[in-house]
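Enquirer: model this:
(3 chains)
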Amino acid sequence: MPELPEVETSRRGITPHIEGKIFKNVIVRQARLRWPVPESLALDLPGLRLDSIERRGKYLLLATAKGTLILHLGMSGNLRITAPEQAAGKHDHIDFVFADDTVLRLNDQRKFGAVLWCETDTKAHPLLANLGPEPLSAEFDTGYLCRRVAGRAVPIKSLIMDSHIVVGVGNIYASEALFLASVQPTRPAGQLDAEECRQLVEAIKTVLQQAIEQGGTTLRDFTNADGKPGYFKQSLRVYGRGGQPCLSCAEPIQHLKIGQRASYYCGNCQR
DNA sequence: AGAGGTACCTGGCAGC
DNA sequence: TGCTGCCAGGTACCTC
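Expert: Presented below is the predicted three-dimensional model:
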């Protein structure tokens, strides 16, 4: 489900409901997520104040004075604000209950998500230490991408989806950004010239920013903290439109696999 | 170091 | 109706 815009939408949705509140308890119904949910959570969290909710790539960082809760939503994860009297449904794996009985509930059908506890500097955490820059930051610019594509033979789509290059660009927005930049997803990354890198950087920023503004993309089941879907789906230009006419030139949109992931592009508009 | 494939898990859908 | 196979928004980890 969630790429950067969906995670950011979740972050913005849950923050006003829980920031500054005190953890009361944690209910773990399913500890077998991507990695086992630490058993110590039930001991560590109660009594701690949730100081801030930050995002790094697709990770959410819930900071307290004693440590940081690291959340990842995987492919199908979802966070909702609810109340204890709302019975947990299928795949509602974890409840974080606050002192005022606000509940932050993690639902994750496919269990690719993660809940971890980090008592040291999160920047040094193995999952976070080697991540690439934030796509919406100034650090992610033409010069940076030019340096990272140099000598690389992988398809450009695979490269921009690599979180060690740049975080947050998932399968939907990779196809969309490449369309905006008029670059074919199959192109070996090292073949892009500086102008193409510039256009791609700009396209990634544009697509992600627009998706955030529209509350993310809901294909099947993504909802924000209030249970509402995102509205970016209607803005998708190529993703999921295989065989349909390109919105720019009316040629049929191509559909193929790149690195085992569904990819969509216009063979006429993208070079 | 880079490239490519596999694994984790559940459920919806197409095709037979 | 029921079975099989394929597909899905992510990414760590393995081998070559």
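Enquirer: Could I get the buried residue list for the biggest helix by length in chain A?
Expert: For chain A, the longest helix by residue count, based on DSSP state H, is helix A:194-213. For helix A:194-213, burial by neighbour count (16 or more other Cβ atoms under 10 Å) applies to A:196-201, A:203-205, A:207-208, A:211-212. For every residue, glycine as well, the C-beta is placed using N, CA and C.
Enquirer: Quick check: next helix or strand after it?
Expert: strand A:254-258 (DSSP states H and E).
Enquirer: Would you pull up the residue in the stretch 151-271 of chain A closest to DNA strand C?
Expert: Closest contact between the stretch 151-271 of chain A and DNA strand C, by Cβ to the nearest atom of the strand, is at residue A:170 (2.0 Å).
Enquirer: wait, what's in contact with that residue?
Expert: A:2-4, A:58, A:161 (Cβ atoms under 8 Å, 6 or more residues apart in numbering).
Enquirer: Return the distance of it relative to DNA strand B.
Expert: Distance of residue A:170 to DNA strand B, computed by Cβ to the nearest atom of the strand, to the nearest Å: 13 Å.
Enquirer: Can you report phi and psi for that residue?
Expert: Phi and psi for residue A:170, reported as degrees, to the nearest 10, are phi -100, psi -170.
Enquirer: Quick one, grab the pLDDT at it.
Expert: Note for residue A:170: predicted pLDDT of 96.
Enquirer: And for residue A:98?
Expert: Reported pLDDT for residue A:98: 98.
Enquirer: That one: neighbour count?
Expert: Residue A:98: 18 surrounding residues under other Cβ atoms under 10 Å.
Enquirer: do residue A:143 as well
Expert: Quick note: residue A:143 (other Cβ under 10 Å) scores 12 neighbours.
Enquirer: Just confirm it is within a strand.
Expert: No: Residue A:143 is assigned helix when assessed by DSSP: H, G, I helix; E, B strand; the rest coil, not a strand.
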